[in-house]
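Asks: give me coordinates for this.
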Amino acid sequence: MAMPTVLSDAHVVARRNIIKIKRVPDLLVFTTLSPIMFVLLFAYVFGGAIAVPGGADPNAYREFLMAGIFAQTVIFGATITGAALAEDVKKGIIDRFRSLPMAPSAVLTGRTLSDVVNNVLVLVVMSLTGLLVGWGIHSSVGEAALGFALLILFAYAISWIMAWLGMLVPSVEVFNNATFIVIFPLTFVANTFVPLESLPGPLQTFAEWNPVSAVTQASRELFGNIPAQVPEPTAWPLQHAELYTLIWTVLIVAVFVPLANLQYRRSTSR
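Replies: Below you'll find the model as predicted:
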């Protein structure tokens, strides 16, 4: 099918999903409240117990924290894609889409693109919350924009994994449990909330090669949130955090876009 047709159909699907956010604002409210809660908890409750270089500055940990919170939030935000598709499959909506004269890939493309909009809105709210608790950007506008773009791009890639998984599992409940079991440790065994030096040997090695650590490191560097006292990372992924993030993004998209579209053609209402 011609690319203009695919893009037009994807735009219609994306618009449908964005209108759903508007009509069911609870989706956005609860997606936003969770990261705000994490910011406040880690900044004011746990922050005093977690040592980071430059810890004499009361804002040192808050600046260290925000990139990690951003990374965790957009990754969890990508799960909306899978949960929505799991619900659509269960209700038979996917069957109806397949009966319409539209590009098959448009449904998944529109779904993932609409969730980019959701993640952008959440990042805006979180950035404002971060500014209120003492976080700041100490780099150029271009570098800061690139930092946010990397977060959104990585989350977009993750949303294709979630799209594939959402159409594979039998229900939304199974999807939510499965993704929580995987994403929660993946985002915590990283440099998101604590310096890697504080982790024991095997976990530190895993965290150094964890793509979540790379996107967090890249964002910190681009936001100018790396304290001067922090030594240069010794692991290759963190030395080249932007490149490593892009490698993972391209790899995930190359593998899971075809898998998700194949699963879409196979999915039937359950």
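Asks: what helix or strand is the residue nearest to Ile226 when sequence neighbours are not counted located in?
Replies: Spatial nearest neighbour of Ile226, excluding adjacent residues (Cβ to Cβ, 6 or more residues apart in numbering): Arg220 at 5.3 Å. Just so you know, the C-beta spots here come from the backbone N, C-alpha and C atoms, and that holds for glycine as well. Using DSSP states H and E, Arg220 sits in helix 211-223.
Asks: ok, now Thr109?
Replies: Residue-wise, Thr109 maps onto helix 104-133 under DSSP H and E.
Asks: and that helix with helix 211-223, angle?
Replies: Taking axes from the mean of the first three to the mean of the last three Cα atoms, to 10 degrees, one finds helix 104-133 and helix 211-223 inclined to each other by 60 degrees.
Asks: any stretches of the chain with poor pLDDT?
Replies: Along the chain, the model assigns pLDDT under 70 to residues 1-5, 28, 47-49, 51, 53-58, 268-270.
Asks: the helix holding Thr109: which residues count as buried?
Replies: For helix 104-133, a neighbour-count test (16 or more other Cβ atoms under 10 Å) marks 105-116, 118-119, 122-123, 125-127, 129-130, 133 as buried.
Asks: try stretch 200-218
Replies: Gln204, Ala207, Glu208, Asn210, Pro211, Val212, Ser213, Ala214, Val215, Thr216, Gln217, Ala218.
Asks: kindly indicate which of those lies nearest Ser140.
Replies: Of all those, the one sitting nearest Ser140 is Ala218; the distance, using Cβ to Cβ, is 15.2 Å.
Asks: so what's the residue nearest to that closest one when sequence neighbours are not counted up against?
Replies: Spatial nearest neighbour of Ala218, excluding adjacent residues (Cβ to Cβ, 6+ apart): Ala241 at 3.9 Å. Shown in contact with Ala241 (Cβ atoms under 8 Å, 6 or more residues apart in numbering): Ala214, Val215, Gln217, Ala218, Glu221.
Asks: quick one: Ser139 and Leu222 touch, right?
Replies: Yes. Contact criterion Cβ atoms under 8 Å: Ser139 and Leu222 qualify, at 6.2 Å.
Asks: shared neighbours of those two, anything?
Replies: Joint contacts of Ser139 and Leu222 (Cβ under 8 Å, 6+ apart) are Gly147.
Asks: when these two are compared, which one has more neighbours?
Replies: Leu222 (25 against 15; other Cβ atoms under 10 Å).
Asks: helices of the stretch 151-270 of the chain, start to end?
Replies: Using DSSP state H, counting those that start in this stretch, the helices of the stretch 151-270 of the chain run over 172-188, 201-209, 211-223, 236-239, 241-266.
Asks: any idea which helix is longest in this structure?
Replies: helix 60-91 (DSSP state H).
Asks: can you list the buried residues in that one?
Replies: 60-86, 88-89.
Asks: which elements pack onto that helix?
Replies: Under the contact definition 3 or more Cβ pairs under 8 Å, 6 or more residues apart in numbering; DSSP states H and E, helix 60-91 sits against helix 26-40, helix 93-99, helix 104-133, helix 141-168, helix 172-188, helix 211-223.
Asks: turn those into CSV, columns for distance to Pro237.
Replies: Listed next are the helices and strands packed on helix 60-91 as CSV, based on distance: least, Cβ to Cβ, whole Å:
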stretch, distance to Pro237
helix 26-40, 24
helix 93-99, 37
helix 104-133, 23
helix 141-168, 13
helix 172-188, 14
helix 211-223, 5
